[in-house]
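A.B. asks: Got a predicted structure plus its sequence, pasted below:
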Amino acid sequence: MKFYKDHYDVVIIGAGLAGLSAALQLQQKGITDILILEKHNLPGGLATSYVRNGIEIEATLHEMMSIGTKEDRLKVGKFFDACGVDINWLRVPEAYRFVETSKNIDITLHAGFEKMAGEIDAQFPGWGPKVLEFMQLCNRVYDSMNTLSVTPMSKPAMLMKHPDFVKTAGYTATEVIDTFNFPDKIVDILTPYWIYVGNPMSTLPFTIYAFLMADYFRGGSYVPSKYSHEMSLKLQMKAEENGAQVEFCQEVDKILVKDGKVTGVRTRRGDTIGCDYVICGAYPNKVYTQMIEPLSEVPDGAIKMVNGRRLSVTTASVMMVLDDTPENLGIKDYNLFSAETMDTDKIWEEGKTTGPYKYLTSICLDLANPDATPEGMCQFSITTLPLVTGFLDLKEEDYYDFKRRMAKQMIDEYEKVSGINLHDHIVEIEISTPVTVAHYVGAWKGSIYGYSHSIDDHAIARLQMKEDDHFIDGLEFAGAHAISGNGMGPAITNGRAAAKAVIDAEAKKNS
């Protein structure tokens, strides 16, 4: 019996959240002849965990967006529910605590527009109503984006039905926030989530920022009780239950193209598999320079496109298991953003180096998931999201020494801000860098957030250019590098969008 059939309707490269979500979306629309090829021995990509000394440790996920409450499900939560993927979602207790040492800011915000506005008003009397007005604007833009992503309409109709979306499109987050005349401290308090889309506020489109703020503060954020790998495994199981063939340790080496149309793939071990469509998790940078066979089938426009796009942030993280409970250690915050300054242009420049890093996000997983570690312990991580630039010249012989120095600097910085001793309580520690991501996941230059969402290149502009940026018939991309951008929620959205493109192409072919 052959390992593979000669031909499949769709081959999906990569069993990450995007690839698996694409499979489920295709299956919902009746396309079931699907092969998923994953080069690793487990699904999930970055949505994974690892084990040290018998303790399972979350590898990446800080919080999951677009889930929502059972009464007000948001789009990712709705998708999981519709697919019959049952995840035990645990609500993260607060949005974030924010500490900015240079301005003596220390505030904790919770989900709920009225609640967070009230918490700001308590420290800055009289400004709560204006903050609420601002968050309601973000929410209207959020609703418009969700509508317009699935319901194309004319410009006059957009202006009539989505005026706030139209009026703020084309402006940066800073430009729109400035119209509210907030005190500098309130602007800083409204800024920390910028890092989760990885572009300075001065060039970050307000549309993207508004979507992020509304998504997190409207329904709160969540983590799966069995870590991010719970999502990966359950998506895989459901895809297989619906008829998809999923194969691990099977790396795709080439995407075969003839006369501008996908004809199949070839694996690293030499299997040639025919197909009508490929949904690809690899970055276009790699696909258009290394994977298309023959390379003569790659149009000049594809190379210009990847050369014109800028990679967004990657990650540097210190992940620890501590030998006591959060309560005994004095850790009260699930999510702490800390910085000397919230000048995001300055932080962006700092991110082009290998540190020291002063803008950090620290997560104590047990405060959302009390069963995350054995009794009497807790999981704690400190993360910054630099650019890959500073790591390109890091020499192999200096790498491990650099990791140790980076980890010590980040732990020292957290201890200085929080007054909490971590050093004496570490029983397990792992340190990840862009090199780690590139090695284990294969993401282009260790990028985790795809291409930078700048005012001249972001989701709205990419949607408008979708047809022009589609260079090979039958080839779709799904992952952080696709239209919706970065994070685990958008990865799922990107997978569904790639599947929709296949579904639409099939419908057109058969009409």
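C.D. replies: In hand now; what should we look at?

A.B. asks: Neighbouring strands - and their directions - for the longest strand along the chain?
C.D. replies: Using DSSP state E, we find that the single longest strand of the chain is strand 272-280. Strands flanking strand 272-280 in the sheet, each with its direction: strand 7-13 (parallel), strand 261-267 (antiparallel), strand 475-477 (parallel) (DSSP bridges).

A.B. asks: right, and the helix or strand after it?
C.D. replies: helix 284-286 (DSSP states H and E).

A.B. asks: from the chain's centre, how far out does that next one sit?
C.D. replies: 18 Å (C-alpha atoms, centre = their mean, to the nearest Å).

A.B. asks: same deal with stretch 221-233?
C.D. replies: With C-alpha atoms, centre = their mean, you get 14 Å for stretch 221-233.

A.B. asks: Show me which positions of that stretch end up buried.
C.D. replies: Ser221, Tyr222, Val223, Pro224, Lys226, Tyr227, Ser228, His229, Glu230, Met231, Ser232, Leu233 (16 or more other C-beta atoms under 10 Å). Heads up, the C-betas are built off the backbone N, CA and C, glycines and all.

A.B. asks: Quick check, the last one in contact with Gly44.
C.D. replies: Yes - applying C-beta atoms under 8 Å as the test, Leu233 and Gly44 come out as touching, 7.4 Å apart.

A.B. asks: Which neighbouring elements make contact with the helix or strand where Ile208 lies?
C.D. replies: Ile208 is part of helix 206-219 when elements are defined by DSSP H and E. Here helix 206-219 touches helix 113-123, helix 128-148, helix 163-168, helix 173-178, helix 459-464, going by 3 or more C-beta pairs under 8 Å, 6 or more residues apart in numbering; DSSP states H and E.

A.B. asks: Give me the angle between it and helix 113-123.
C.D. replies: 100 degrees (axes from the mean of the first three to the mean of the last three C-alpha atoms, to 10 degrees).

A.B. asks: what's the following helix or strand after helix 206-219?
C.D. replies: Scanning onward from helix 206-219 (DSSP H and E), the first element met is strand 222-224.

A.B. asks: any idea of the mean pLDDT for that next one?
C.D. replies: Mean pLDDT, strand 222-224: 97.

A.B. asks: who does it touch, helix- and strand-wise?
C.D. replies: Against strand 222-224 (3+ C-beta pairs under 8 Å, 6+ apart) you get strand 89-91.

A.B. asks: Excluding sequence neighbours, find me the nearest residue to Ala47.
C.D. replies: In space, not counting the residues next to it along the chain, Ala47 is nearest to Ser228; the distance is 4.0 Å by C-beta to C-beta, 6 or more residues apart in numbering.

A.B. asks: From Gly489, how far off is the one you found?
C.D. replies: Note on Ser228: its distance to Gly489, by C-beta to C-beta, to the nearest Å, is 12 Å.

A.B. asks: Please enumerate the shared neighbours of the two.
C.D. replies: Met64 (C-beta atoms under 8 Å, 6 or more residues apart in numbering).

A.B. asks: Could you pull out the strands in the stretch 301-450 of the chain for me?
C.D. replies: 316-322, 335-339, 360-364, 378-384, 426-432 (DSSP state E, counting those that start in this stretch).

A.B. asks: Tell me which of those strands sits nearest to Gly14.
C.D. replies: Nearest to Gly14 among the strands of the stretch 301-450 of the chain is strand 426-432 (19.7 Å), distances taken as C-beta to C-beta.

A.B. asks: For the closest one, which residues meet the burial criterion?
C.D. replies: Glu428, Ile429, Glu430, Ile431, Ser432.

A.B. asks: The residue nearest to Ala47 touches Gly45, doesn't it?
C.D. replies: No - with contact defined as C-beta under 8 Å, Ser228 and Gly45 do not form a contacting pair (9.7 Å).

A.B. asks: So what's the residue count around the nearest residue to Phe80 once chain neighbours are set aside?
C.D. replies: With sequence-adjacent residues excluded and distances taken as C-beta to C-beta, 6+ apart, Phe80 is closest to Ile87, at 5.9 Å. By the criterion of other C-beta atoms under 10 Å, Ile87 has 19 neighbours.

A.B. asks: do the same with Asp456
C.D. replies: Count around Asp456 with other C-beta under 10 Å applied: 10.

A.B. asks: domains for the protein, by residue range?
C.D. replies: 7-69+75-85+226-309+452-510, 114-213 (automatic domain parsing).

A.B. asks: can you give me the offset of the last one from its chain's centre?
C.D. replies: This means domain 114-213. Centre-to-centre, domain 114-213 and its host chain are 19 Å apart (C-alpha atoms, centre = their mean).

A.B. asks: The longest one too?
C.D. replies: Computed by C-alpha atoms, centre = their mean, the chain-centroid distance of domain 7-69+75-85+226-309+452-510 equals 14 Å.

A.B. asks: Quick check: end-to-end length of it?
C.D. replies: Counting by C-alpha to C-alpha, to the nearest Å, you get 19 Å between the two ends of domain 7-69+75-85+226-309+452-510.

A.B. asks: Gly390 contacts Glu350, doesn't it?
C.D. replies: No - with contact defined as C-beta under 8 Å, Gly390 does not count as touching Glu350 (9.3 Å).

A.B. asks: which stretches of the stretch 51-200 of the chain have low pLDDT?
C.D. replies: Residues of the stretch 51-200 of the chain meeting the criterion pLDDT under 70: 149-155, 159.

A.B. asks: One more pass at 90, please.
C.D. replies: The stretch 51-200 of the chain contains residues with pLDDT under 90 at 69-72, 74, 144-162, 166, 169-170, 195-199.

A.B. asks: ditto for the stretch 301-450 of the chain
C.D. replies: Along the stretch 301-450 of the chain, segments meeting pLDDT under 90 span 305, 308-312, 440-444, 447-450.

A.B. asks: what's His423 in contact with, if anything?
C.D. replies: So His423 contacts Ile411, Glu415 (C-beta under 8 Å, 6+ apart).

A.B. asks: circling back: quick one: the residue nearest to Phe80 and His229 touch, right?
C.D. replies: No - shown here, Ile87 and His229 do not form a contact pair, counting by C-beta under 8 Å, at 11.3 Å.

A.B. asks: and the strands paired with strand 272-280 as JSON lines, adding distance to Ala501 and mean pLDDT?
C.D. replies: Converted to JSON lines, the strands paired with strand 272-280 look like this (distance: least, C-beta to C-beta, whole Å; pLDDT from 0 to 100):
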{"stretch": "strand 7-13", "distance to Ala501": "11", "mean pLDDT": "98"}
{"stretch": "strand 261-267", "distance to Ala501": "12", "mean pLDDT": "98"}
{"stretch": "strand 475-477", "distance to Ala501": "5", "mean pLDDT": "97"}
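
A.B. asks: quick check, Val257 in a helix?
C.D. replies: No - assigned with DSSP: H, G, I helix; E, B strand; the rest coil, Val257 falls outside any helix and is strand.

A.B. asks: overlap in contacts of Leu233 and Gly44?
C.D. replies: Counting by C-beta under 8 Å, 6+ apart, Leu233 and Gly44 have no common neighbour.

A.B. asks: Go through the chain and flag its longest helix.
C.D. replies: When every helix of the chain is counted residue by residue (DSSP state H), the longest turns out to be helix 488-510.

A.B. asks: Outside of that one itself, list whatever touches it.
C.D. replies: 10, 16-23, 25-26, 29, 31, 46-47, 61, 64-67, 75-76, 79, 215, 228, 231, 277, 279, 473-474, 476-480, 482-485.
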